[in-house]
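1. Provided below for reference: sequence and predicted model.
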Amino acid sequence: MLALDVRNISKNYAHFQLKDVSFQLEKGYIMGFIGANGAGKTTAIKTILNLIHLDSGEIYILGKELLKHEVELKQEIGSAFGDIDFYSRCKIKALTNVIKKFYRNWDDEAYYNYLKRFNLNENKKIAELSTGMKVKYRLAIALSHGAKLLILDEPTSGLDPVARDNLLNIFQELVQDGDVSILFSTHITSDLEKCADYITYIHNGQIVNSAEKEEFIDNYRLLNGKESQFPLIQHQLIAYKKNSFGFTGLIHTRDFDSSLQIKASVPSLEEIMIYFAKKEDLHG
Ligand SMILES: Nc1ncnc2c1ncn2[C@@H]1O[C@H](COP(=O)(O)OP(=O)(O)OP(=O)(O)O)[C@@H](O)[C@H]1O
């Protein structure tokens, strides 16, 4: 079953378009949503939460159409949106007492377990929470109302390496039973290498690729060739950099002719992103 099915969504802003974005997340898995600054991650995430209206397309969550079942689905979605900084003078305890009234499946026992686990003191004011504590508080809320789909915009940014590692471990634990699914955006590709099952890559408002992580990476090869080899392959390269020995370039695996004897390796996610950004510089 699909936890999330995004079908051909589009959104037009004056200077940016989300163009025909489609991707699917299977129930019980973690999907990393990547792309450069301004690529459209937050815009796409906001449409999935129906915080902004679509111009076209459809979104299905846990098999139900978002627009038709929004109230019901909001019970099943845990997100890290809604700025809690607004309630800075409020204590965790007081804010939770307000929030929990919105959720029919609220589970106090689970909530207190998460507070304990995340080392959160409910007598602290929101203003007293560090970035990492705020992420954990939001997660505690999402997990205590029985959310089946977590949609998180850069949950690990601003966390120190230890806190990040802890959070990624929690993500992995959450999906273990197959009931919870997670979509999270990030710029930190090592997060994805550690815990994402699927990767969706958005570039200039369009999906470049959405696939299982190993398959995603296997779509590309990083070439390291001599100057004399460059003309043989230049037109197949997604992007390249020249250096004093020759060139390095990214290519779709399907376009690579291994008989050319050019050294090829499997790129990292970071390298894939860097070369896609470079493509703009090369082709305008
Ligand atoms: N309300 C809005 N009105 C007009 N343009 C907008 C609006 N919100 C976002 N945009 C534009 O949409 C584009 C994509 O922004 P978005 O925040 O979705 O990118 P992002 O991938 O999340 O970037 P980052 O990694 O920097 O957070 C940007 O060019 C931005 O200026």
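-> Okay, I see it.
2. contact residues of this structure facing the ligand?
-> 13-14, 16, 35, 37-43 (Cβ under 6 Å from any ligand atom). All C-beta atoms are positioned from the backbone trio N, CA, C, and that covers glycine.
3. now do the strands in the stretch 101-250 of the chain.
-> 149-153, 181-185, 198-203, 206-212, 220-226, 237-243, 246-252 (DSSP state E, counting those that start in this stretch).
4. just give me the neighbour total for residue 150.
-> Here the count is done by other Cβ atoms under 10 Å, and residue 150 has 24 residues near it.
5. could you do residue 2 as well?
-> Neighbours around residue 2, by other Cβ under 10 Å: 14.
6. and the pLDDT at it?
-> Residue 2 carries a pLDDT value of 96.
7. count residues in the vicinity of the nearest residue in space to residue 250 that is not next to it in sequence, would you?
-> In space, and not counting its chain neighbours, residue 250 is closest to residue 275: 3.6 Å by Cβ to Cβ, 6 or more residues apart in numbering. Residues lying near residue 275 (other Cβ under 10 Å) number 22.
8. residue 275 contacts residue 247, correct?
-> No - between residue 275 and residue 247 there is no contact under Cβ atoms under 8 Å: 11.8 Å.
9. what do the two both touch?
-> Common contacts of residue 275 and residue 247, defined by Cβ atoms under 8 Å, 6 or more residues apart in numbering, comprise residue 240.
10. just the pLDDT for the nearest residue to residue 114 once chain neighbours are set aside.
-> Using Cβ to Cβ, 6+ apart and skipping residues adjacent in sequence, the residue nearest residue 114 is residue 140, 3.8 Å away. At residue 140, the model reports a pLDDT of 90.
11. now the strand or helix carrying residue 21 against strand 181-185, angle please.
-> Element membership for residue 21, per DSSP states H and E: strand 16-26. Here the directions of strand 16-26 and strand 181-185 differ by 150 degrees (axes from the mean of the first three to the mean of the last three Cα atoms, to 10 degrees).
12. pLDDT on the following helix or strand past strand 16-26, on average?
-> Using DSSP H and E, the helix or strand that follows strand 16-26 towards the C-terminus is strand 30-34. For strand 30-34, the mean per-residue pLDDT is 96.
13. ditto for stretch 109-126
-> 92.
14. still on that earlier bit, export the residues of the chain next to the ligand to a markdown table and tack on neighbour count and distance to residue 124?
-> A markdown table is the format used below for those (neighbours: other Cβ atoms under 10 Å; distance: Cβ to Cβ, whole Å):
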| residue | neighbour count | distance to residue 124 |
| --- | --- | --- |
| 13 | 12 | 38 |
| 14 | 5 | 41 |
| 16 | 14 | 38 |
| 35 | 25 | 34 |
| 37 | 7 | 32 |
| 38 | 12 | 35 |
| 39 | 24 | 35 |
| 40 | 24 | 35 |
| 41 | 22 | 30 |
| 42 | 17 | 28 |
| 43 | 21 | 33 |
